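Asker: Return atomic coordinates for the entry below.
(2 chains)
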Amino acid sequence: MGLDHFKSTNAEVQKKPVSFEGVSDHELIEATKNGDEPAFAEIVRRYKNQLTNYLYRMLGDYEESVDLTQESFVRVFFAIDRYHSKYAFSTYIYRIATNLAISEMRRRKRRRLLSLTGLYQFDAESDAEYQPPDDRPHAEQSLVSDELRRTIGKAISALPERYRAPIILREIEERSYEEIAEILGLGLGTTKSRISRGRGILRKRLESYLENSSDELQ
Amino acid sequence: MNCNKVQNRLKLGEQPSGEFLLHARSCEPCGRVLVEEESLSRLLGNAGRVGAPADLEARVMTEISAGQLAVPSTLFGLRPAVLLPSAAVLVIGAVLFALYGPYFFGKNSRQIAGGNVAIQTQEDSAPNEVSPVPDTKGPDDPGSDVAGIPVEPTVNDSPSVVSKQGITEKKKTAPPDEIASGSRDLATRSTEPVRPPWAGQAKDPKNAKGGPEKRSFSPREVFLEFGVDAEFVAGGWRVTAVKPRSIGASAGIQIGDVLRSLDGKELSQAPLEGEAVGGKRLIVLRGGKEVLLPLRP
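Answerer: Residues are numbered from 1 along each chain as shown, chains lettered A, B, ... in the order given. Now for the predicted structure:
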């Protein structure tokens, strides 16, 4: 009886969620290297929304972005010994996600090419944009119509590959130029240039919305 | 403050501060750019964010526990879609190499894959297998095969030749029916590289000294090579036909000419050596006079 009670108490202690508040990413990584899986679960919890959003903007497909987010974390886990703490963990995981997204985009291009030659039947439905419900409470967002949000999303997704990632990382993920350069493996000047050009393209595509927005501002 | 510098910075979506902001407020074109860029940034901020599904953590941890990657298994970073055709190409390449590779890459040897026939050259043989005495057959004689089964000499047996080292070698080839059937292993020696079956016979077979092989031809055969037909008469060969646009026709041989000599050698019914085929100076009797006709092959 006494032993059973001890066992149940011990199990409760083990199940009790460990608080990782105030623990840095590097410390979590070190803990993961030592076999602490809850530490890695905390990393997943910290970055899952950012990565999903980033990949969704890159690919325009929610299901695909969730799959690739999952894959990014799995890859990080299995290659955790190769991670060097001199880089920010966010840079590292964004880089992995970017590479996966680029691979996916190339795969889609090939598929589209095959569908043109009739060797592969491209599923038109899979290309349709999926807008998942955004439950985050945000006063400003509620004012913006779904149509505008969709238009902005499409304008970003339609950007050429080379401009899309820098624009998303800068405008949506709000990363610094240096970090974007690190993630994409580009020089600082090139990164800034791509952001500027990408914004130029978006400015043209969203011109009608900009006029309204400018009027509101003035 | 340079307007270009300010506008370039504004077009990056940066919030101006300090002197940049002062300039943007005082300069009308820069002020317009500032308003446009601010509105663009604000618009892009309205793109909204999507969140991950609530069970993503659990999914990741489950997958990690299972130790499986979500992506298709890869080898050296290559997916099966790439690997399979590559493997197929490699296998086909290996088979082709096994069949025909020795013809291209092997200098003097050939192994017929899958069969029981092995053709070995003198160079591949051990030195003691070379008989120092010509035309003698001993235990190491090539007349015996590897397995000790005696091989009957055939019409394909070529005469002994003297190599550069002064060692007499006996060239021997297996009977074609035995090669085709592959009934047993044969050790066959040859000083010449094996020619592939599609290459046909060698045009210019070489002897041990490297010169053209000496063969005998009847004079008529030689004349036919020049495009001329002739019959033997007293004093030479009288031309009975000349093929148009042949070597003989180009040289000016006419019907009725009597061919007397080729390269100084009188033409009789005796066979001519192989070199005669490449003869250059032909003397014919025409109208009672000897005329020299140069042959240009």
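Asker: out of all of them, which helix in chain A is the longest?
Answerer: Taking DSSP state H as the assignment, the helix of chain A that covers the most residues is helix A:89-117.
Asker: which other helices and strands contact that one?
Answerer: Under the contact definition 3 or more Cβ pairs under 8 Å, 6 or more residues apart in numbering or on different chains; DSSP states H and E, helix A:89-117 sits against helix A:25-33, helix A:37-59, helix A:62-78, helix A:161-167, helix A:177-184. The C-beta positions use only the backbone N, C-alpha and C, and glycine is treated the same way.
Asker: Buried residues of it, list them for me.
Answerer: Of the residues in helix A:89-117, A:89-98, A:100-101, A:104, A:108, A:111 count as buried by neighbour count, 16 or more other Cβ atoms under 10 Å in any protein chain shown.
Asker: what do you get for stretch A:79-89?
Answerer: Neighbour-count burial for stretch A:79-89, with 16+ other Cβ under 10 Å as criterion, is recorded at A:83, A:88-89.
Asker: Output these in JSON lines, with pLDDT appended to each entry.
Answerer: Written out in JSON lines, the entries for the buried residues of stretch A:79-89 read as follows (pLDDT from 0 to 100):
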{"residue": "A:83", "pLDDT": "83"}
{"residue": "A:88", "pLDDT": "87"}
{"residue": "A:89", "pLDDT": "89"}
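Asker: average model confidence for stretch B:234-244?
Answerer: Predicted confidence along stretch B:234-244 averages 88 (mean pLDDT).
Asker: which residues touch it?
Answerer: B:219-220, B:223, B:227-232, B:248-249, B:253-260, B:267, B:284-285 (Cβ atoms under 8 Å, 6 or more residues apart in numbering or on different chains).
Asker: which strands and helices sit next to the helix or strand hosting residue B:29?
Answerer: Using DSSP states H and E, residue B:29 sits in helix B:28-45. Here helix B:28-45 touches helix A:146-157, helix A:188-205, helix A:207-217, helix B:3-11, helix B:19-26, going by 3+ Cβ pairs under 8 Å, 6+ apart.
Asker: Convert the longest one to PDB, retaining C-alpha atoms only.
Answerer: In PDB, the C-alpha atoms belonging to helix A:188-205 read as follows (Å, rounded to 0.1, in the frame of the first residue of the first chain):
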ATOM      1  CA  LEU A 188      24.100  42.300 -46.100                       C
ATOM      2  CA  GLY A 189      24.000  44.500 -49.200                       C
ATOM      3  CA  THR A 190      22.300  41.800 -51.300                       C
ATOM      4  CA  THR A 191      19.700  41.300 -48.600                       C
ATOM      5  CA  LYS A 192      18.900  45.000 -48.400                       C
ATOM      6  CA  SER A 193      18.700  45.200 -52.100                       C
ATOM      7  CA  ARG A 194      16.300  42.300 -52.400                       C
ATOM      8  CA  ILE A 195      14.100  43.700 -49.700                       C
ATOM      9  CA  SER A 196      14.000  47.000 -51.400                       C
ATOM     10  CA  ARG A 197      13.200  45.400 -54.800                       C
ATOM     11  CA  GLY A 198      10.600  43.100 -53.300                       C
ATOM     12  CA  ARG A 199       8.900  46.100 -51.600                       C
ATOM     13  CA  GLY A 200       9.000  47.900 -55.000                       C
ATOM     14  CA  ILE A 201       7.100  44.900 -56.600                       C
ATOM     15  CA  LEU A 202       4.600  44.800 -53.800                       C
ATOM     16  CA  ARG A 203       4.100  48.600 -54.000                       C
ATOM     17  CA  LYS A 204       3.000  48.200 -57.600                       C
ATOM     18  CA  ARG A 205       0.800  45.200 -57.000                       C
END
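Asker: State the mean pLDDT of the helix holding residue B:29.
Answerer: Confidence over helix B:28-45, taken as the mean pLDDT, stands at 82.
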